[in-house]
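[1] Build me a structure from this.
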Amino acid sequence: MTGITAKELEMISDALACEGLICKKARMYSATLTDADLACCMERIADLHETRYASLLKLIGG
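    As a prediction, this is how the structure comes out:
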């Protein structure tokens with residue numbers, strides 16, 4: 001965590017919360033959609049946000 005200021009840590013924390021929420025919502029939508037193409041699109045969106053979440057978590061040593 002060397003070199004990260006308190007403000008940067010706060011911003012990363014906010015981004016983690018947003019990415020996590022978006023990922024959860026997209027997964028929920030993919031499970032409830034009846035259109036297979038839309039469900040697949042939501043899965044891809046969830047995967048993208050999950051990757052971003054993991055990248056942000058690495059920044060803070062998680």
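
[2] before we move on, which element is Leu57 in?
    Element membership for Leu57, per DSSP states H and E: helix 36-59.

[3] helix or strand for the residue most central in space within the chain, which one?
    Here the mean C-alpha position of the chain is nearest to the C-alpha of Glu19 (C-alpha atoms, centre = their mean), at a distance of 2.9 Å. Using DSSP H and E, Glu19 sits within helix 6-32.

[4] Now do that helix against helix 36-59, angle only.
    Computed by axes from the mean of the first three to the mean of the last three C-alpha atoms, to 10 degrees, the angle separating helix 6-32 from helix 36-59 equals 160 degrees.

[5] returning to what we had before: distance of the residue nearest to the centre of the chain from Ala26?
    Look at Glu19 and Ala26: by C-beta to C-beta, to the nearest Å, they are 11 Å apart. For glycine as for every other residue, the C-beta is placed from the backbone atoms N, C-alpha and C.

[6] do Lys7 as well
    Distance from Lys7 to Ala26, by C-beta to C-beta: 29 Å.

[7] likewise Asp14?
    Distance of Asp14 to Ala26, computed by C-beta to C-beta: 19 Å.

[8] So which of those two has more stuff around it?
    Ala26 (20 against 11; other C-beta atoms under 10 Å).

[9] buried ones in the helix holding Leu57?
    Neighbour-count burial for helix 36-59 flags 42-43, 45-46, 49-50, 52-53, 56 (criterion: 16 or more other C-beta atoms under 10 Å).

[10] Next: stretch 19-27.
    Residues of stretch 19-27 classed as buried: 19-20, 22-23, 26-27 (neighbour count, 16+ other C-beta under 10 Å).

[11] is it possible to export those to TSV including pLDDT?
    Shown next, in TSV, are these (pLDDT from 0 to 100):
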residue	pLDDT
Glu19	97
Gly20	97
Ile22	97
Cys23	97
Ala26	97
Arg27	97
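
[12] want to try CSV for those, with distance to Gly62 as columns?
    Converted to CSV, those look like this (distance: C-beta to C-beta, whole Å):
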residue, distance to Gly62
Glu19, 13
Gly20, 12
Ile22, 18
Cys23, 15
Ala26, 21
Arg27, 20
